[in-house]
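Engineer: quick one, structure for this:
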Amino acid sequence: MANPLQVGAGANLRNFSWAMAVFCLASFPVIAADGVADLSDQDKICLACHSQEGFNKDLGKGKKMSLNIKGDDFAKSVHGAIGCAGCHSDVSLDKHPGNKKIPSTREYSIGATQVCQGCHEDKAKLYEGSIHAAMLRAGNRAAPVCVDCHSPHSVKPKSVTDTITGLSCKKCHEPIFNAYAESMHGQARGKLGHVEAPICADCHRAHDVTAPSVGTHLKDACLSCHTGAVETHRVWLPNAGRHLEAVSCPACHAPAAQRRVDLRLSETGGGNGAAEFGESARAAVNGLDAESLWNLLRKINQNGGQGKASLQGRLEVRTGVEAHQLADKSRAIRDCNSCHSDGADPFQNVIVSVIGPDGRPVRFSTDKGVLSSLMSVGSVSGFYAIGGTRVKLLDVLLGVVFIGAVSVPVGHLSMKWFIRRRERKNAEQRANS
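Structural biologist: Prediction:
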């Protein structure tokens, strides 16, 4: 018997005959599931084969790609209304299935994103600026693409995906999701049903996802909901504005987390210092200490020519899991001595980081002694206040720097006053002689 999908040369998904549709439906009763009856006859023809369990394409070398589609799931999806031809307009039944070579299921999925862009151009542009797209461009073929978050044949509406049970993020970030689910945010969203409580996309955005530890967007996300947080902190926290700049929110609001100091390479005016710094840091045989950091920064600033590189300090938690273990504000750390004491734990763990080619930070373990070295004063002073950590040597060094910075303009003004006073006296003497 001839294959019903090959009968009628030149026919395609849009003009296949009613007679053939009836033949297919009679031959493959498996598609008579609930919901499938609402699909078009053209889609039912496709499902006559593709709804069969174990329907695969042989990719060679023992590899197969599943072609099975759950008809009922497709019928209930948001794509059910546009039908198979909406995305597979290039398929014509007189040439189907054909001998199209597919290198792997993954490569097929990545290529399929071009089809998604046809309808979702705005989302595609957002995705191109995301950390996921940057990872893909950097050669990570496992980086998420459209179909990894939105199963193409069972795409759910946004109202479903914006629930804890509908989150696709947990497929890749399960440990972080589990931490979130147990946090005050996850508990409010899940068990208590507060839909206003934040979910992944509220803080990290859905399509233009950026590296969480880069920039200020996460702090901005926190403050967009906790609008009174700045003023509330000012009531009891000295120099609250500086704390909010140099201390990440989870450092105090995830009390069980372990904290560290991250010295992040920052450049002004452009330049490619991050790449050069990363290469040199990897080559450091004995790790990074104050002298090696100073030499690296000096080398970058001499070679770059476009801007000035420096290290900006920030207090943060160590892992993404810990960053999501946010507790109720009543449990937040309010004891200043947890950081501002001699030998405080957060200052025993120091790293240096640069932004890698895929947009994520690359971290290097660093000797904690960089925080108390003369060579580090220019780097650390960006987030450190004199007396802040009770490191006496660093206090003295920063005090010397401060005095030196003040004495230069004071000395300059004093010298100008002295010279002018002397010139006036000389002028008066010449006038009287």
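
Engineer: how about the strands in the chain?
Structural biologist: 56-60, 63-66, 259-268, 308-317, 350-355, 361-366 (DSSP state E).

Engineer: to I199, which of those strands lies closest?
Structural biologist: Judged by Cβ to Cβ, the one of those that comes nearest to I199 is strand 308-317, at 20.3 Å. Backbone N, C-alpha and C define where each C-beta goes, glycine included.

Engineer: so how far is that closest one off the chain centroid?
Structural biologist: 18 Å (Cα atoms, centre = their mean, to the nearest Å).

Engineer: same question for stretch 43-61.
Structural biologist: Counting by Cα atoms, centre = their mean, stretch 43-61 comes out at 36 Å from the chain centroid.

Engineer: stretch 328-348 now?
Structural biologist: Using Cα atoms, centre = their mean, the offset of stretch 328-348 from its chain centre is 27 Å.

Engineer: what of stretch 109-120?
Structural biologist: Per Cα atoms, centre = their mean, the displacement of stretch 109-120 from the mean C-alpha position of its chain is 22 Å.

Engineer: one more: stretch 98-105?
Structural biologist: Distance, centroid of stretch 98-105 to centroid of chain: 33 Å (Cα atoms, centre = their mean).

Engineer: contacts for that stretch next, please.
Structural biologist: Residues outside stretch 98-105 that contact it (Cβ atoms under 8 Å, 6 or more residues apart in numbering) are K57, L59, K63, M65, S66, Y108.

Engineer: from those, which would you call buried?
Structural biologist: L59 (16 or more other Cβ atoms under 10 Å).

Engineer: between the strands of the chain, which gets nearest to Q325?
Structural biologist: Q325 sits nearest to strand 308-317 of all these, at 8.4 Å, using Cβ to Cβ.

Engineer: quick revisit: redo the strands of the chain as CSV? Include mean pLDDT and distance to K191.
Structural biologist: CSV is the format used below for these (pLDDT from 0 to 100; distance: least, Cβ to Cβ, whole Å):
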stretch, mean pLDDT, distance to K191
strand 56-60, 92, 41
strand 63-66, 94, 36
strand 259-268, 86, 28
strand 308-317, 86, 24
strand 350-355, 89, 36
strand 361-366, 89, 34
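
Engineer: and which of the contacts of stretch 98-105 is nearest G193?
Structural biologist: S66 (36.0 Å).

Engineer: my guess is that closest one contacts E53. True?
Structural biologist: No - S66 lies out of contact with E53 (Cβ atoms under 8 Å); the separation is 9.9 Å.

Engineer: okay, S224: pLDDT?
Structural biologist: pLDDT recorded at S224 is 93.

Engineer: state the distance from it to I176.
Structural biologist: 21 Å (Cβ to Cβ, to the nearest Å).

Engineer: who's more crowded, these two?
Structural biologist: I176 (20 against 12; other Cβ atoms under 10 Å).

Engineer: can you count the residues close to the nearest residue to that one once chain neighbours are set aside?
Structural biologist: Once flanking residues are discounted, I176 sits nearest to G320: 5.0 Å by Cβ to Cβ, 6 or more residues apart in numbering. When neighbours are counted by other Cβ under 10 Å, G320 registers 15.

Engineer: I figured G320 hits F177, correct?
Structural biologist: No - under the criterion of Cβ under 8 Å, G320 is not in contact with F177, lying 10.4 Å apart.

Engineer: just to revisit the earlier point, using TSV, lay out the contacts of stretch 98-105 together with distance to I199.
Structural biologist: As requested, the contacts of stretch 98-105 are arranged in TSV below (distance: Cβ to Cβ, whole Å):
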residue	distance to I199
K57	36
L59	37
K63	36
M65	32
S66	30
Y108	30
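
Engineer: related to what we said a few turns ago, ok, now how distant is the residue nearest to I176 from C169?
Structural biologist: G320 sits 12 Å away from C169, going by Cβ to Cβ.

Engineer: same question for A134.
Structural biologist: Distance, A134 to C169, using Cβ to Cβ: 17 Å.

Engineer: now W236. Nearest residue, chain neighbours left out?
Structural biologist: Among residues not flanking W236 along the chain, R334 sits closest, at 7.4 Å (Cβ to Cβ, 6+ apart).

Engineer: circling back: quick one: the strands of the chain as JSON lines, columns for distance to I45 too.
Structural biologist: Formatted as JSON lines, these follow (distance: least, Cβ to Cβ, whole Å):
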{"stretch": "strand 56-60", "distance to I45": "18"}
{"stretch": "strand 63-66", "distance to I45": "20"}
{"stretch": "strand 259-268", "distance to I45": "57"}
{"stretch": "strand 308-317", "distance to I45": "55"}
{"stretch": "strand 350-355", "distance to I45": "51"}
{"stretch": "strand 361-366", "distance to I45": "51"}
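
Engineer: those: which one's closest to D328?
Structural biologist: Ranking these by proximity to D328 (Cβ to Cβ) places strand 308-317 first, at 17.1 Å.

Engineer: now the angle from the closest one to strand 361-366?
Structural biologist: Per axes from the mean of the first three to the mean of the last three Cα atoms, to 10 degrees, the angle that strand 308-317 makes with strand 361-366 is 90 degrees.

Engineer: quick one: strand 308-317 to strand 259-268, angle?
Structural biologist: Angle between the axes of strand 308-317 and strand 259-268 is 160 degrees (criterion: the same axes, to 10 degrees).

Engineer: what packs against strand 308-317?
Structural biologist: Counting by 3 or more Cβ pairs under 8 Å, 6 or more residues apart in numbering; DSSP states H and E, the packing neighbours recorded for strand 308-317 are helix 240-246, helix 249-253, strand 259-268, helix 290-304, helix 377-380.
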